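Colleague: 3D, please:
(2 chains)
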Amino acid sequence: MSTISMPKPDQSVLDRKAIIVDALSSVLPVDSVISDERETHAYECDALTAYRCPPLAVVLPSTTEEVAAAMRICHQMGVPVVPRGAGTSLAGGSLPTADSVILGTARLKDVVEVDYDNRFIRVQTGVTNLSVTGHVEDDGFFYAPDPSSQLACAIAGNIAMNSGGAHCLKYGVTTNNLLGVKMVMTDGEVVELGGVAMDAPGLDLLGLICGSEGQLAIVTEATLRILPKPEGARPVMIGFDSAEVAGECVGNIIRSGVLPVAIEYMDRPCIRVVENFAKAGYPMCEALLIVEVEGSEAEIEDQLDRIVKIAEALDPVELRVSESLEESALIWKGRKSAFGAMGQINDYMCLDGTVPISALPFTLKRIGELSQEHGLEVANVFHAGDGNMHPLILFDANRPGDLERTEAFGADILRLCVEVGGCLTGEHGVGIEKRDLMLEQFTADDLECQMQVKDVFDPDWLLNAAKVFPLEVSEARRQRVN
Amino acid sequence: MTAFATPTTESAIKEAVCDAVSQKKALRVCGGGTRSGIGQMVENAERLDVSGNAGIELYEPGSLTMVARAGTSMTEITSALDAENQMLAFEPIDHRPLLGTTGEPTLGGVVACNISGPRRFLSGACRDHLLGVRFIDGQGRLVKNGGRVMKNVTGLDLTKLMCGSFGTLGVISEVSLKVLPKPVCSASLQIEGVDEEQAVLLFCKALTTPYEVSGAAYQNGVAGLRIEGLETQVTYRIARLQALFPEHSMSILDGEVHSDLWKGLRDLHLFSGTIETVWRMSVKPTDAPAIVSHLKRKLAARVMLDHGGGTIWAGVPADITEQAASIRSVINTLGGHATLVRGSEELRRSADVFQPQATRLAAISKLLRQQFDPSGILNPGLMAA
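Modeller: Now for the predicted structure:
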């Protein structure tokens, strides 16, 4: 039923399952190794649920030393390892293969150190994104990257995918807020990169690790920058009757010198579904912007005044500045429930390409045309301030052929993103989902160079192989090892 | 140094690198040459001057994006940004006053050395604003990574790896950067008569407020805080910060005095024209006073703090031998790292310019260099002995 293929599992590994599980059990606490087929099924997929495959076994270490012990065994026995945070990847980043051991970070839950004077927190990477902020917010701090899945997703996965969120226009993504890591190499050696200082000596290996999709090492501990919470925040909602004008409004706000913390965009199909679900009071229009600013009350007023003036010059169909905390919450409730609302009425596939802000109107128009051509509806909800689009293609998973048509439509949209100067993925990662489109964006030399970096960290190609790089491109390396 | 080639296009750079590979010639990659004194000595190399590969390729102020060839001078970049009231928020240092060099700094040089100034602790370093690079690696391959959009996680992030690799992995030919609007208004608070310990305490307190302090530096007994934003924001934040420190009398600077202050701090005017050896240390801010005390006591150093104490700049009398060992020993005890930024050729031969890495990390770096530059022709030895 699906179009993305995975390599055939290594029979010699499958045949040795009992020996491998015994070896892992000999170095890990008894409840940290899962090999019963009824239980390994729980790990057969991540949030890209169209693709499933139970792993050979699952290990859930509680310490860096246990991770190292597990990695040493897998390395010695030539067993592929698929790292897994909370399993919220939309790109299939932690999809197992039948011959792989899932190494989950679920039990790496400790907060190791909090230092407000130096503004950092050190955590084990199994903690959730939101719990990092939860740990420091009573003292007036927060952790800035805020992916939509922040209630569930783990810092491990955030680092693997270099996760972003709605507020990265001002605060950056994970890589800009990561000061250091402790990680386990494929051979089990533990190394540290960076730390509490602003930078580290030598090549920027930390920058390389962040966003490497579990291809290079297993990150077990992270030092994260925390920031003082702003005094307040308030959104304004602006509706336009054309995508072009909304795009122009985004550009004008950004050029004006006001730097909003978020500029979110929704189109008519999305507004319709969300309004039915959340009753946020959104106007029915072609394009709705939610622009949020932060600061003291006077600072917020001043920034909102400027934004309102810019928007009014473009003749919006509706403009509403939030007047209360309740109203702000309602405006955000609609946006934040967009994916859930969509999921209630349809199956959907969420894409993640980024385009230059100047290309937003053209890209939206082209997506509309492609929607007609493919005969599938699409709703757009995304971070307009940084051009990171999230088209949601609506389909029916029970209708034969719909998934294939949806994937074909999705691939066309991602090709479009690359054509207009953008990229395949802004914050979700390549995983298996965009793996076979990589040659749309990169040349063979570009990918060879990236794979040579993987060779340095993972010479046997045991870590999350068969992801990120098109199968035919990585085949020689994966075969060489087998 | 003999000039090997002066390519003015990407394809000419590629050709020059291929020639160097086949002739087994080591290259010293140069832009404007204003930072050529940073790093271990590169011996027996010929100069690959890439400053002629210049020009802004694309600048979209509404998309906060600029793409330029790596040889483009910082003067050209800055004047294009000035015309649109935008800036490079990472505020790159102009090293000419410190290193006594002439010539024009280039964008490629800024990126290759990850050069960042006082706003770094708030806005990030050069590497945080770098959206993409094109480069020719040591095999003569043209490689691109990243792109021109603000959010991009497609494939491994070689863009960050290139930034700060000092030309040892590839010759950068094109750079794409995130730019930001200049603040509408900007002012400083100055606190006189404090020592390093008091300054760091003050910085820690100021930087844990929501007032978005964008500069926190100290020299000659004076601590400075920079506040930027809309007029309402600057007025409000200055008042709040003053109220936070009733024990200190603070003066407000604005206009030229204010901008000159931060330009002088950024470009390290404290050490301009002196003959001291200059070190940069990156540390945990609250460790700075102890390290400074060591530097003053043992090495008679003159010191400037930046980034709220996270960066220590130290000028050490050039004739003090064993200074490298002394600095490294205190840094190794407390954490962080030290880089020799200005020193004699002799010192750049005998001492480690960059903090030596842990064994495994050094091995990884070496293997990475072999992948990108198997013949070892790109700035050989510059980052490691």
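Colleague: avg pLDDT for the one helix or strand A:Val381 maps to?
Modeller: A:Val381 is part of strand A:378-383 when elements are defined by DSSP states H and E. For strand A:378-383, mean pLDDT rounds to 91.
Colleague: any idea how far A:Gly164 lies from A:Arg122?
Modeller: To A:Arg122, A:Gly164 is 22 Å away according to C-beta to C-beta, to the nearest Å. The way it works is simple: take the backbone N, C-alpha and C, and place the C-beta from them, glycine included.
Colleague: Out of these two, name the residue with the larger neighbour count.
Modeller: Legend: neighbour count by other C-beta atoms under 10 Å in any protein chain shown for A:Gly164 and A:Arg122, higher for A:Gly164 (31 against 20).
Colleague: For that one, list the residues it contacts.
Modeller: For A:Gly164, the contact set (C-beta atoms under 8 Å, 6 or more residues apart in numbering or on different chains) comprises A:Pro145, A:Pro147, A:Val173, A:Thr174, A:His383, A:Asp386, A:Asn388, A:Gly426, A:Glu427, B:Lys151.
Colleague: Do a quick rundown of the strands in the stretch 201-350 of chain B.
Modeller: Assigned by DSSP state E, counting those that start in this stretch, the stretch 201-350 of chain B shows strands spanning B:213-219, B:222-229, B:250-253, B:277-282, B:302-306, B:311-316, B:337-342.
Colleague: now the ones you listed as JSON lines including mean neighbour count?
Modeller: Converted to JSON lines, the strands of the stretch 201-350 of chain B look like this (neighbours: other C-beta atoms under 10 Å in any protein chain shown):
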{"stretch": "strand B:213-219", "mean neighbour count": "24"}
{"stretch": "strand B:222-229", "mean neighbour count": "23"}
{"stretch": "strand B:250-253", "mean neighbour count": "15"}
{"stretch": "strand B:277-282", "mean neighbour count": "23"}
{"stretch": "strand B:302-306", "mean neighbour count": "23"}
{"stretch": "strand B:311-316", "mean neighbour count": "24"}
{"stretch": "strand B:337-342", "mean neighbour count": "22"}
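Colleague: Could you export the ones you listed as CSV, including distance to chain A and mean pLDDT?
Modeller: As requested, these are exported to CSV (distance: least, C-beta to the nearest C-beta, whole Å; pLDDT from 0 to 100):
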stretch, distance to chain A, mean pLDDT
strand B:213-219, 10, 98
strand B:222-229, 8, 97
strand B:250-253, 18, 96
strand B:277-282, 4, 98
strand B:302-306, 10, 98
strand B:311-316, 7, 98
strand B:337-342, 4, 98
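Colleague: just to revisit the earlier point, can you tell me if whatever helix or strand comes next after the strand holding A:Val381 touches chain B.
Modeller: Sequence order places strand A:391-395 as the next helix or strand after strand A:378-383, per DSSP H and E. No: using C-beta under 8 Å from any C-beta of the partner chain, strand A:391-395 stays clear of chain B, coming no nearer than 15.0 Å.
Colleague: what's strand A:391-395 packed up against?
Modeller: Helices and strands touching strand A:391-395, by 3 or more C-beta pairs under 8 Å, 6 or more residues apart in numbering or on different chains; DSSP states H and E, are helix A:338-345, strand A:347-350, strand A:378-383, helix A:402-419.
Colleague: Can you say which of the strands of the stretch 201-350 of chain B is nearest to A:Pro29?
Modeller: For A:Pro29, the closest of those is strand B:337-342, at 36.9 Å, according to C-beta to C-beta.
Colleague: For residue 294, the count of nearby residues, please.
Modeller: Using chain A here. Burial of A:Glu294 is recorded as 21 neighbouring residues (other C-beta under 10 Å).
Colleague: my question was about chain B
Modeller: B:His294 has 18 neighbours, counted by other C-beta under 10 Å.
Colleague: hang on, it packs against B:Arg328?
Modeller: No: using C-beta atoms under 8 Å, B:His294 makes no contact with B:Arg328, being 11.6 Å away.
Colleague: State which one residue of the stretch 51-200 of chain B is found closest to chain A.
Modeller: Closest contact between the stretch 51-200 of chain B and chain A, by C-beta to the nearest C-beta, is at B:Lys160 (2.7 Å).
Colleague: so where's the chain shaky on pLDDT?
Modeller: Going with chain A. Along chain A, segments meeting pLDDT under 70 span A:1-2, A:481-482.
Colleague: wrong one, chain B
Modeller: Scanning chain B for pLDDT under 70 picks out the ranges B:385.
Colleague: Break down it into its helices, ranges please.
Modeller: With DSSP state H as the criterion, chain B has helices at B:10-23, B:74-83, B:96-99, B:107-112, B:120-123, B:126-129, B:158-162, B:196-207, B:231-244, B:255-266, B:288-299, B:323-334, B:345-350, B:359-372.
Colleague: out of those helices, deepest packed?
Modeller: Of the helices of chain B, the one with the most neighbours on average (mean count of other C-beta atoms under 10 Å in any protein chain shown) is helix B:107-112, at a mean of 28.
Colleague: Which neighbouring elements make contact with that one?
Modeller: Helix B:107-112 is packed against helix B:74-83, strand B:170-178, with contacts defined by 3+ C-beta pairs under 8 Å, 6+ apart.
Colleague: need the ones you listed in a markdown table with distance to chain A, can you?
Modeller: Shown next, in a markdown table, are the helices and strands packed on helix B:107-112 (distance: least, C-beta to the nearest C-beta, whole Å):
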| stretch | distance to chain A |
| --- | --- |
| helix B:74-83 | 12 |
| strand B:170-178 | 9 |
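Colleague: so which of these comes closest to A:Ser296?
Modeller: Comparing the helices and strands packed on helix B:107-112 under C-beta to C-beta, the one sitting nearest is strand B:170-178, at 26.9 Å.
Colleague: Thanks a lot, catch you later.
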